[in-house]
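J.: structure for the following, please:
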Amino acid sequence: MSTFELALAEVLRWEGGYVNDANDPGGATNRGITQATYNAWRRDRGEPPRPVAEIGEDEVRAIYRERYWVPAAAYWDAAGHPGIALYLFDAAVQHGVSTARAFERRLADVLRLHPLLGLAYLHRDRTLYYARLRHFAHFGRGWMRRIASIYARAMELEHPGGLIRVHRFFLDGHEHPLAAARWVGEKLYVRRA
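T.: Numbering: from 1, shown residues only. Next up is the predicted model:
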C-alpha cells in the first residue's frame, strides 16, 4: 500500500459521510470534501457542479491526491518521511494547504534534521491553531481526538518498531554520523554510518 493510500485511509476514518452542520463554516460536506471544493474541482475539468452528496469514490481519491497530498505531503513521502507526510496531509485537509505549508515552512529545518521532534512541534502548533478557532467549543473535542490519533500514527510511521532515522548523534560534545538508531526498552542502540 502506498503512503498516500495509507494516509487517505487514516483521514477518511475521521471524515464521515454527508453532513450539513449549521455550526460548520465549511457547509455541506461529504467524505471531508466541501461543496465549494467539489464545485471547483469539477469546474477545473469542465464539468457542471453537482451536489457533494453525490460524489463518487474515484472523485474523492482524486481530489485528496491533487488538492491536498501533492501540494502538502508528497515531498516528505518521497524524502522517506511517511509520518511527516501523513501529518501534513491531514493538516492540509483540515486547515487548507496554505496553512499546512506555513506550519511546514516554520519547522522545515527541524523536520529534516530531527523528524520526531519536528512532528511534536507540528502537533503543538496544530493544537494551538485549533484552540484559537471560534468553533472550538463545538468541535474541539473531536478535533483533538483526531489529531492525537493522526499524530500517533505519524510517529509509528516515522520510527516503525522503534527505529529512529537520524543523520547525526551528539554525545559528550562530539558529533557522530549514524546510519540508524533503535530504542530497545530503555537502551538506545546506534549504527554508525
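
J.: isn't R153 right up against I84?
T.: No: look at R153 against I84 with Cβ atoms under 8 Å: they stay out of range, at 11.9 Å. C-beta here means a position set from N, CA and C on the backbone, and glycine is covered the same way.

J.: compare the two (neighbour count), which wins?
T.: Each of R153 and I84 has its neighbours counted (other Cβ atoms under 10 Å); I84 has more, 26 against 20.

J.: need the pLDDT of the more buried one.
T.: Here the pLDDT value assigned to I84 is 97.

J.: now swap in R182 and tell me
T.: Reading off the confidence values, R182 has pLDDT 68.

J.: kindly report the same for R42.
T.: Looking at R42, the pLDDT reads 96.

J.: how about the helices of the protein, start to end?
T.: 3-14, 35-44, 57-63, 70-72, 74-78, 82-95, 97-113, 115-131, 136-158 (DSSP state H).

J.: what angle sits between the first one and helix 82-95?
T.: Same thing as helix 3-14. Orientation check (axes from the mean of the first three to the mean of the last three Cα atoms, to 10 degrees): helix 3-14 against helix 82-95 gives 40 degrees.

J.: can you give the contact residues for helix 3-14?
T.: 31-32, 60-61, 64-65, 69, 73-74, 77, 82, 85-86, 89-90, 93, 146, 149-150, 153, 157 (Cβ atoms under 8 Å, 6 or more residues apart in numbering).

J.: how about 10 Å then?
T.: 1-2, 15, 31-32, 57, 60-61, 64-65, 68-70, 73-74, 76-78, 81-83, 85-90, 92-94, 142-143, 145-147, 149-150, 153-154, 157 (Cβ atoms under 10 Å, 6 or more residues apart in numbering).

J.: and those residues, which are buried?
T.: Neighbour-count burial (16 or more other Cβ atoms under 10 Å) applied to these gives 15, 31-32, 60-61, 64-65, 68-69, 73-74, 76-77, 81-83, 85-90, 92-94, 143, 146-147, 150, 153-154, 157.

J.: so what pLDDT did Y151 get?
T.: Per the predicted model, pLDDT is 92 at Y151.

J.: from A154, how far off is the closest residue to it other than its chain neighbours?
T.: Sequence neighbours aside, H123 is the residue nearest to Y151 in space, at 4.7 Å (criterion: Cβ to Cβ, 6 or more residues apart in numbering). H123 is 8 Å from A154, where distance means Cβ to Cβ, to the nearest Å.

J.: tell me which helix or strand in this protein has the weakest average pLDDT.
T.: strand 163-164 (a mean of 58; mean pLDDT, DSSP states H and E).

J.: show me where this protein dips below the pLDDT cut-off.
T.: 161-171, 180-188 (pLDDT under 70).

J.: please identify the deepest-packed of the helices of the chain.
T.: helix 82-95 (a mean of 26; mean count of other Cβ atoms under 10 Å).
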